[in-house]
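Asks: Give me coordinates for this.
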Amino acid sequence: MSKIIPLILILIYCSTSDAIVIRHDKSDDLYKYRTSATPAPALVTFTTPHKGDRYVVGSGTYIGNGWVITAAHVANFFEDVDNAEINGEYLSILDVTLHEKWRDRQVEYDIALVKISMPTKAVAPVSLFDYDLEVGETVTIAGRGDTGNGLVGMMPSDLKVRVAENKVEQVKGQWISFTFNAPEQGALEYEGMCGGGDSGSPAYIIKDGTTHILGLSSWQDTEATNWKQGFYGVSDYYSNISFYKQWLLKNLPQTDFLKKQPLLKGSLTEK
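Replies: Take a look at the predicted model:
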């Protein structure tokens, strides 16, 4: 579901099949998720049935008690047959709350809450709001599906979860942004970005044993690559979760979360 914003051609949504694009000079195995590697906490994959299989239509992060945070341009297109997959378990999508200011084919206010049936397997808790991200810090991103590298662009999905990292260039208002740099441009060791996908998937940082979800994959600026996705030089834009704190507090029932860790202090965990 790749979309080009009318009249502003540099704005391209990450299509809703998840993806992580990696450095061309690194082994793909280094990016694939393993329990001993950097974790991809609470990653949710939204899928739909297609020709006897399931097709990825977006991602999100499980924040506890049946709630998932994702991009509005993903949640807006759910159908009755779609499911939320987490830890190999397929769960029903029960309800969707889009930000009231979001409009289709625009990038602003690209955030949504999705209520799903409760998972039976334990999900590692994550935290919102209580970490102030700064320019120059390194964030981890996670995705599943189409991959590729900065020299060849996109390659077909193999449905493997991959994790990568990137250095934050801007934290301003609604957006957290960074650029997919080539090795000779000072790329991080495991530099990466969302490719033709990753919509709604998380950017996060782990500090003192706590995983802080900071952003949601939203759109890309591909002017530097002649409008091509998946190549070095593309800039990635993630919805800045801290910007939406009051909206989230208003739309998440506080009775759904532990009283000893109230929403106003930022930490959301399961009961």
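Asks: after the helix or strand residue 63 falls within comes which helix or strand?
Replies: Secondary structure assigned from DSSP states H and E places residue 63 in strand 53-64. On the C-terminal side of strand 53-64, the nearest following helix or strand under DSSP H and E is strand 67-70.
Asks: coming back round to it: strand partners of the strand holding residue 63, parallel vs antiparallel please.
Replies: Its sheet considered, strand 53-64 pairs with strand 43-50 (antiparallel), strand 67-70 (antiparallel) by DSSP bridges.
Asks: Outline the domain layout of the chain.
Replies: 11-36+128-242, 43-124+245-258 (automatic domain parsing).
Asks: For the most centrally placed residue in the chain, list the residues it contacts.
Replies: If you average the C-alpha coordinates of the chain and look for the closest C-alpha using CA atoms, centre = their mean, you land on residue 201, 1.4 Å from that point. For residue 201, the set of contacting residues under the criterion of CB atoms under 8 Å, 6 or more residues apart in numbering consists of 18, 43, 59, 60, 61, 141, 142, 143, 194, 216, 217. Any C-beta I mention is one placed from the backbone N, CA and C, and that applies to glycine too.
Asks: so the residue nearest to it when sequence neighbours are not counted bridges to which residues?
Replies: With CB to CB, 6 or more residues apart in numbering as the measure, residue 59 is the residue that lies nearest to residue 201, at 3.7 Å, once sequence neighbours are left out. Here residue 59 sits in beta bridges with residue 45, going by DSSP bridges.
Asks: How many residues are close by residue 59?
Replies: Residue 59 sits with 33 neighbouring residues when counted by other CB atoms under 10 Å.
Asks: for the chain, which spans come out with low pLDDT?
Replies: 1-19, 31-41, 144-147, 150-159, 195-197, 254-271 (pLDDT under 70).
Asks: Okay, helices next: where are they in the stretch 151-271 of the chain?
Replies: Using DSSP state H, counting those that start in this stretch, the helices of the stretch 151-271 of the chain run over residues 245-251.
Asks: so how far is residue 114 from residue 81?
Replies: Plainly put, residue 81 is 15 Å away from residue 114 if you go by CB to CB, to the nearest Å.
Asks: Now tabulate the strands paired with strand 53-64 in CSV and tack on distance to residue 190.
Replies: Below are the strands paired with strand 53-64 laid out as CSV (distance: least, CB to CB, whole Å):
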stretch, distance to residue 190
strand 43-50, 17
strand 67-70, 24
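Asks: Output the ones you listed in CSV, with distance to residue 161 and mean neighbour count appended to each entry.
Replies: Shown next, in CSV, are these (distance: least, CB to CB, whole Å; neighbours: other CB atoms under 10 Å):
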stretch, distance to residue 161, mean neighbour count
strand 43-50, 7, 20
strand 67-70, 16, 26
